[in-house]
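Asks: show me the folded form of this:
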Amino acid sequence: MSVGRTIETLGKHTAFAKITEESFCDVLMDDGKARINNFKDKEWPSLPVDEIVKRAQNAVGKKDTMFLVTTVSTLQLDADMEIA
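Replies: Residues are numbered from 1 along each chain as shown. Prediction:
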């Protein structure tokens, strides 16, 4: 996965969302606004970036539970921000 790519979820309810890989700029669309969500950093240990990327890539194209979708999406966004 190259820098500037992100994993996002598509669907009204994340429990049934499809996980896709998109350009970070395309995800932001026209407004160009993004924020980093670090509110769990003190509670959860950080994973190595290569593990985060591997988990996110393995989730692309799958439909799974809300836990997996939100975890992978959040972890991947965090990894992209740390790499960039």
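Asks: low-confidence ranges in the chain?
Replies: 1-17, 63-84 (pLDDT under 70).
Asks: show me where it has strands.
Replies: 5-10, 18-23 (DSSP state E).
Asks: what number of residues are in the vicinity of S23?
Replies: 11 (other C-beta atoms under 10 Å). For the C-beta atoms, the positions are set from N, CA and C on the backbone; glycine is no exception.
Asks: so it bridges to which residues?
Replies: S23 has these beta-bridge partners by DSSP bridges: R5.
Asks: how close does it get to K40?
Replies: Distance, S23 to K40, by C-beta to C-beta, to the nearest Å: 26 Å.
Asks: K62: what's its closest spatial neighbour, skipping adjacent residues?
Replies: I19 (5.7 Å; C-beta to C-beta, 6 or more residues apart in numbering).
Asks: the one you found contacts N58, correct?
Replies: No. I19 is beyond contact range of N58, at 9.6 Å (criterion: C-beta atoms under 8 Å).
Asks: which one's more surrounded, those two?
Replies: Between I19 and N58, counting by other C-beta under 10 Å, I19 is the more crowded of the two (24 against 11).
Asks: which stretches in the chain count as helices?
Replies: Assigned by DSSP state H, the helices in the chain fall at 24-28, 49-59, 66-83.
Asks: now the angle from the second one to strand 18-23?
Replies: This means helix 49-59. 120 degrees (axes from the mean of the first three to the mean of the last three C-alpha atoms, to 10 degrees).
Asks: who does helix 49-59 touch, helix- and strand-wise?
Replies: Using 3 or more C-beta pairs under 8 Å, 6 or more residues apart in numbering; DSSP states H and E, the elements in contact with helix 49-59 are helix 66-83.
Asks: same thing but 10 Å
Replies: With contacts defined as 3 or more C-beta pairs under 10 Å, 6 or more residues apart in numbering; DSSP states H and E, helix 49-59 has these neighbours: strand 5-10, strand 18-23, helix 66-83.
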